[in-house]
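Q: have a look at this prediction, sequence included:
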Amino acid sequence: MVKILGICGSARKNGNTATLLQAVLDAAEIESELIFLSDFAIGFCTGCLSCVKHKGVCVKKDDMPGLLEKMLTAQALVLGSPNYYYNVSGLMKNMIDRSIASSYRGIGEYTGMAWHGWQPFTGKAGGMVLCQAAFGAEKALETFKCFADYSGLNLIGEVIASTGNRPVSEFPEYIEAAQKLGALIREAVVRNRCQTE
Ligand SMILES: Cc1cc2nc3c(=O)[nH]c(=O)nc-3n(C[C@H](O)[C@H](O)[C@H](O)COP(=O)(O)O)c2cc1C
């Protein structure tokens with residue numbers, strides 16, 4: 001079981017988002033893994049609501065259920081995306097949409113609401129990384145925050161890096177911000193572990 005899962009919404013494996021995510025994970029100094037959504041076959045959510053009727057089980061037979069299990073067993077999630085047209089990338093948004101299936105596990109049992117189950121990422125620490133050329137990342141951050149709010153993820157901090165078309169490695173301030181976020185995530189994971197042991 002990986003403790004911190006980094007999820008990259010850019011397909012560029014040596015891109016800025018991947019670099020900053022790796023800096024967060026390295027600074028946390030806890031077992032971690034960085035995955036790229038572009039390596040997963042994840043179809044679009046068609047809104048069929050089968051997951052509502054079948055306790056969170058999605059009808060699609062693709063890589064999303066496996067990824068969800070990985071997310072559910074991690075103790076912290078760090079999501080990273082490039083800003084594409086003032087929002088997260090399509091890869092990231094698609095993953096967020098498909099993750100709704102897990103919200104319908106235990107429907108009615110946790111909230112008493114017939115239309116909503118549990119918040120799947122309650123108790124997990126969350127970090128967000130956004131990379132952009134220049135502007136618009138605030139709206140992308142809002143998407144991440146809505147995801148955290150809906151899923152119960154405890155958002156510890158975020159890094160927004162504006163680099164023009166240059167590599168983020170040329171910006172020590174962003175690398176440092178990512179390392180600080182990694183240290184905060186580490187603290188949260190250790191604190192959670194103490195509380196549950
Ligand atoms: C489809 C597309 C849309 C983009 N939209 C924006 C934008 O709205 N604002 C911005 O500042 N940069 C925008 N960019 C630039 C990327 O956010 C930027 O290059 C980012 O660093 C890429 O991250 P990566 O290296 O991890 O792939 C866009 C790039 C692409 C390919």
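A: Yep, it's here.

Q: and the longest helix belonging to the chain, does that touch the ligand?
A: Longest helix of the chain, by residue count under DSSP state H: helix 172-196. No - contact between helix 172-196 and the ligand is absent, the nearest approach being 10.6 Å (criterion: CB under 6 Å from any ligand atom). All C-beta atoms are positioned from the backbone trio N, CA, C, and that covers glycine.

Q: buried residues, that helix. List them.
A: Going by neighbour count (16 or more other CB atoms under 10 Å), the buried part of helix 172-196 is 174-175, 177-179, 181-182, 184-186, 188-189, 192.

Q: got the contact list for it?
A: Under the contact criterion CB atoms under 8 Å, 6 or more residues apart in numbering, helix 172-196 has outside partners 3-4, 19-21, 23-30, 75-76, 78, 123, 125, 127, 129, 154, 156-159, 161, 163, 168-169.

Q: can you rerun that using 7 Å?
A: Contacting residues not belonging to helix 172-196 are listed as 3-4, 20, 23-30, 75-76, 78, 123, 125, 127, 129, 156-157, 159, 161, 168 [CB atoms under 7 Å, 6 or more residues apart in numbering].

Q: next: stretch 73-90.
A: With CB under 7 Å, 6+ apart as the criterion, stretch 73-90 contacts 1-10, 17, 20-21, 24-25, 71, 92-93, 121, 124-132, 136-137, 139-140, 143-144, 153, 185, 188-189, 192.
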